[in-house]
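Peer 1: please work out how this folds:
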Amino acid sequence: MFESLSEKLSLTFKKLRGHGKLNESNINEALRDVRMNLLEADVNYKVVKNFTDSVKKRALGTEVMESLTPAQQFIKIVNEELTLMMGGDSKGVNLTGKPPLAMMMVGLQGSGKTTSVGKLARYLTINSRKPLLVPADVYRPAAIEQLKTLGAQLKLPVYNSSIGDDPVDISRRAMAEALAGGHDVVLIDTAGRLHVDEQLMAELRNIKAAVNPAEILLVADAMTGQDAVNVAEKFDHDLNLTGIVLTKMDGDARGGAALSIRAVTGKPIKFVGMGEKMDALEIFHPDRVASRILGMGDMVSLIEKAQGAYDEKKTIELQKKLKKNDFTLDDWLDSMSQMKKMGSVEDLMEMIPGFGGMMKQMKGVKGARPPEDEMKKIVAIIRSMTPGERSNHAIIDGSRRRRIASGSGTNVQDVNNLIRQYMEMRKMIKKINKVGVKGFMRNFLPGQ
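Peer 2: Model prediction:
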């Protein structure tokens with residue numbers, strides 16, 4: 001989502017580093033660029049003004065002017081102010097109070113409410129909660145069926161509501177059923193409209209009065225930019241929202257909603273939807289998002305993804321093999337399979353400091369293949385090998401290479417390239433084992 005903004009800010013900071021010492025003139029020039037970059041990313045005008053004013057006030061102080069690395073200090077200030085603009089700290093859902101706790105999911109039609117209910121239910125289940133899903137949108141027949149389908153998929157109970165039932169009665173009865181059934185959270189999927197209207201708001205206010213929710217979460221489509229911020233203001237005025245769930249954050253929107261909504265409404269973004277799958281819901285961390293926007297990566301999120309995706313037993317086995325330099329093509333295949341669970345290669349690379357820019361450069365190279373396509377090709381080639389070939393690449397002669405190429409839908413050159421990559425990987429592992437990770441980075445990687 002923030003790719004375009006990140007690229008433009010990188011150019012601004014590169015120019016700034018070229019000045020060596022900073023003064024009011026080049027700081028103002030950099031801030032003009034930052035202001036334009038944010039406005040082009042569809043960030044609210046008032047939010048941009050407040051942001052640049054705060055940065056300027058700090059940048060013209062001793063914190064930057066007397067620093068040994070003024071450009072780096074300026075970027076640090078931008079990072080900190082971006083984090084504050086988006087809310088400072090991450091905010092989880094409120095799970096305090098006597099169960100069952102009601103959570104109302106509200107928003108316009110098409111914002112991804114029903115899917116977000118399913119995602120949040122999965123998140124709560126992983127965190128040892130017992131949610132009950134409640135379809136209270138009785139105006140759109142598909143909404144009830146969709147939630148029932150998601151409930152079956154997640155193996156979670158769904159309250160049995162029907163078209164024509166009163167949404168307030170549904171919500172009230174669902175709370176009683178949850179209490180009797182030992183459910184500690186009740187997720188209410190409310191109705192939406194194509195626009196905010198009084199009839200919708202009256203119904204939502206009545207549901208709120210009936211269930212006294214611990215959370216009222218607005219589900220807003222990040223792709224709609226400033227419209228999402230305007231919608232949030234209207235819903236908050238009537239319902240006093242407790243937080244925001246931004247959907248479609250994996251799309252190519254400019255990111256203005258994510259950067260503006262907290263500053264405009266005062267309500268935190270609690271979760272972001274990063275895809276259609278049920279596991280594609282992430283807690284919103286303002287500090288990590290700010291770091292990614294500024295090209296600093298997000299190693300904490302990468303580690304968390306790895307912890308969730310990697311099999312601990314297999315990881316220990318792989319570590320032992322790496323120490324013995326016994327890393328086979330089968331091990332490579334297995335590590336790629338586990339990596340795939342973490343998300344797209346491109347997204348993962350952007351979390352590693354410095355690699356986001358490298359990925360952008362690779363995109364501009366003529367004939368360069370997307371990393372996902374490259375990984376699919378590697379998997380196809382290794383799977384076309386026999387078990388013996390995977391455990392001992394040395395036996396793969398010319399005729400075997402032709403057979404592997406034919407079986408994987410590639411050519412002999414592709415197979416040769418893969419084996420060469422694999423051998424280079426083994427050499428690198430051997431060097432790391434010899435001198436350690438820090439020694440390897442210092443002696444073998446350029447620019448370290």
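
Peer 1: report the separation between the spatially most central residue of the chain and Val106.
Peer 2: The centroid of the chain falls nearest to Met274 when counting by C-alpha atoms, centre = their mean (5.3 Å). From Met274 across to Val106, the span is 21 Å (C-beta to C-beta, to the nearest Å). Where C-beta positions appear, they are placed from N, C-alpha and C, glycine not excepted.

Peer 1: tell me where the stretch 101-250 of the chain has helices.
Peer 2: 113-126, 141-154, 167-181, 198-211, 226-239 (DSSP state H, counting those that start in this stretch).

Peer 1: list the helices and strands the third one packs on?
Peer 2: In this structure, helix 167-181 makes packing contacts with strand 131-135, strand 185-189, helix 198-211, judged by 3 or more C-beta pairs under 8 Å, 6 or more residues apart in numbering; DSSP states H and E.

Peer 1: how about 10 Å then?
Peer 2: strand 101-106, strand 131-135, strand 185-189, helix 198-211 (3 or more C-beta pairs under 10 Å, 6 or more residues apart in numbering; DSSP states H and E).

Peer 1: so which of those comes closest to Asp330?
Peer 2: When these are compared by C-beta to C-beta, strand 131-135 sits nearest Asp330, at 39.9 Å.

Peer 1: tell me what angle the closest one forms with helix 198-211.
Peer 2: Per axes from the mean of the first three to the mean of the last three C-alpha atoms, to 10 degrees, the angle that strand 131-135 makes with helix 198-211 is 150 degrees.

Peer 1: hmm, back to that, of the helices of the stretch 101-250 of the chain, which stretch is the most buried?
Peer 2: By mean neighbour count, with neighbours taken as mean count of other C-beta atoms under 10 Å, helix 113-126 ranks first of these at a mean of 22.

Peer 1: got the angle between that one and helix 141-154?
Peer 2: Going by the same axes, to 10 degrees, helix 113-126 makes 20 degrees with helix 141-154.

Peer 1: quick one: the helix or strand that contains Asn50 to helix 226-239, angle?
Peer 2: Using DSSP states H and E, Asn50 maps to helix 45-59. When the same axes, to 10 degrees is applied, the directions of helix 45-59 and helix 226-239 differ by 100 degrees.

Peer 1: pull out the buried positions in helix 45-59.
Peer 2: Val47, Val48, Phe51, Thr52, Ser54, Val55, Lys56, Arg58, Ala59 (16 or more other C-beta atoms under 10 Å).

Peer 1: from those residues, which is closest to Lys267?
Peer 2: Val47 (14.0 Å).

Peer 1: quick check: the closest one touching Val264?
Peer 2: Yes - at 6.5 Å, Val47 and Val264 qualify as touching, with contact defined as C-beta atoms under 10 Å.

Peer 1: shared neighbours of the two, which are they?
Peer 2: Val229 (C-beta atoms under 10 Å, 6 or more residues apart in numbering).
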